[in-house]
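1. got a predicted structure plus its sequence, pasted below:
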Amino acid sequence: MTASTTATGPGAKIDTEFVRHWSERYPITSDRRVLDEIGPAVAARGHYTMDELLVVGRWKATRATGYMRRNTAEDVEAITRLALTAPDHLAHRVLRLLAGVLDPMASALLTVVHPDRFTVIDVLAIKTLRAHGELDAWPSYPAYLQLCRGLANRTGADLRTLDRALWKWGKDH
């Protein structure tokens, strides 16, 4: 097996070719609104609005938006403002103060604003990492983020590209 094909099947470690192959198959148009419009607007303003929270909620997990609607606009602003200024290892915990926001949604909200610093944790990415021997059990978000930063560094990918590859492999398998 050549170096470029080492991570094509289950059990093989994730490598540069794996990330390239699977990230190219991700439906990138689904990211455009949240990453190209909402993320920069939230970063510039320093907080989410209720409408932006719900758009990101639909992008990550439509079923959570009903719970997310229970938040007040004031809470969304205050909590997201605080989270976006918190240290990386605590930001997701602050976002969990919002109704309908657990670690996967919190990670999505952080990723949209800072895709260079955060990545999305979800069942499909975890499935991929476990199948390829990179992870044994569901980790805490800080541990997951550290693992993904290491994988991104090892494969020469940015966090968003790595996440797209992990999600797409998990979705297809």
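-> Everything's here; your move. In this text, all values refer to a predicted model and were calculated from it rather than measured experimentally.

2. pull the contacting residues for Leu35.
-> 112, 115, 160 (C-beta atoms under 8 Å, 6 or more residues apart in numbering). Glycine gets a C-beta too; all of them are placed from N, C-alpha and C.

3. let me know the closest of the residues you listed to Asp136.
-> Arg160 (24.8 Å; C-beta to C-beta).

4. now the spatially most central residue of the chain: how far from Asp15?
-> In the chain, the residue lying closest to the centroid (C-alpha atoms, centre = their mean) is Val120, at 1.3 Å. According to C-beta to C-beta, to the nearest Å, Val120 stands 21 Å off from Asp15.

5. list the buried ones in stretch 151-162?
-> 151-152, 155, 157, 159-162 (16 or more other C-beta atoms under 10 Å).

6. nearest to Thr65 among the residues you listed?
-> Arg160 (22.5 Å).

7. contacting residues for the residue nearest to that closest one when sequence neighbours are not counted?
-> Leaving aside its chain neighbours, Arg160 sits nearest to Pro115 (4.5 Å; criterion: C-beta to C-beta, 6 or more residues apart in numbering). The neighbours of Pro115, taking C-beta under 8 Å, 6+ apart as the test, are 35, 39, 158-160.

8. now with 10 Å?
-> Contact partners of Pro115, counting by C-beta atoms under 10 Å, 6 or more residues apart in numbering, are 31, 34-35, 39, 158-161, 163.
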